[in-house]
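Colleague: how would this look folded up:
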Amino acid sequence: MQELDVTKLEMAASKLRAIAHPMRIAVIGLLQKNPKLSVTEIYSALELEQAAASHHLNILKNKGVLNSKREGKKIFYSLKNRTLTEIIECINRCNEE
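Modeller: Numbers count the residues shown, from 1 in each chain. Okay, here's the model as predicted:
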């Protein structure tokens, strides 16, 4: 029997908690369709205030879900790993019935 790696399990749980919010799932969905978006593009598309969008983006970035890259005055976000989008798609399929 394979031993459980507690550290890996804690990291996975931390990422799942980070995405367990409707707005953060929406951010991930946007970035799944558009591989690179600025903060302005994200908060405009989701009809959020800039501060709220930045809050959610920071949580996702700090938990290793998103990458960010500064280009001039703008910060662009992208998904660090597409696997989380597969998890969200799986959850959505489970909710279809």
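Colleague: how about low-confidence regions in the protein?
Modeller: Filtered on pLDDT under 70, the chain yields the residue ranges 1, 97.
Colleague: all helices for it, in order.
Modeller: 6-19, 22-33, 39-45, 50-62, 83-94 (DSSP state H).
Colleague: The last one: which residues count as buried?
Modeller: Think helix 83-94. For helix 83-94, a neighbour-count test (16 or more other Cβ atoms under 10 Å) marks 84, 85 as buried. (Glycine included, C-beta is placed from N, CA and C.)
Colleague: Kindly report the same for stretch 48-61.
Modeller: Result for stretch 48-61 [16+ other Cβ under 10 Å]: buried residues 48, 53, 56, 57, 59, 60, 61.
Colleague: contacts for it?
Modeller: Under the contact criterion Cβ atoms under 8 Å, 6 or more residues apart in numbering, stretch 48-61 has outside partners 18-19, 21, 23-24, 27-28, 39-40, 42-43, 46, 66-68, 77.
Colleague: what's residue 80 sitting at in phi/psi?
Modeller: phi -80, psi -30 (degrees, to the nearest 10).
Colleague: Tell me the spacing between it and residue 61.
Modeller: 9 Å (Cβ to Cβ, to the nearest Å).
Colleague: any shared contact partners between the two?
Modeller: residue 67.
Colleague: picking that back up, okay, the helices of the chain in CSV with distance to residue 72 next?
Modeller: As requested, those are exported to CSV (distance: least, Cβ to Cβ, whole Å):
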stretch, distance to residue 72
helix 6-19, 28
helix 22-33, 20
helix 39-45, 13
helix 50-62, 17
helix 83-94, 28
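Colleague: circling back: of the contacts of stretch 48-61, which count as buried by neighbour count?
Modeller: 18, 19, 23, 24, 27, 28, 39, 42, 43, 46, 66, 77.
Colleague: Which of the residues you listed sits closest to residue 86?
Modeller: residue 28 (10.8 Å; Cβ to Cβ).
Colleague: hmm, back to that, now render the buried residues of stretch 48-61 as JSON lines, adding distance to residue 34.
Modeller: Converted to JSON lines, the buried residues of stretch 48-61 look like this (distance: Cβ to Cβ, whole Å):
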{"residue": "48", "distance to residue 34": "16"}
{"residue": "53", "distance to residue 34": "15"}
{"residue": "56", "distance to residue 34": "16"}
{"residue": "57", "distance to residue 34": "14"}
{"residue": "59", "distance to residue 34": "20"}
{"residue": "60", "distance to residue 34": "15"}
{"residue": "61", "distance to residue 34": "17"}
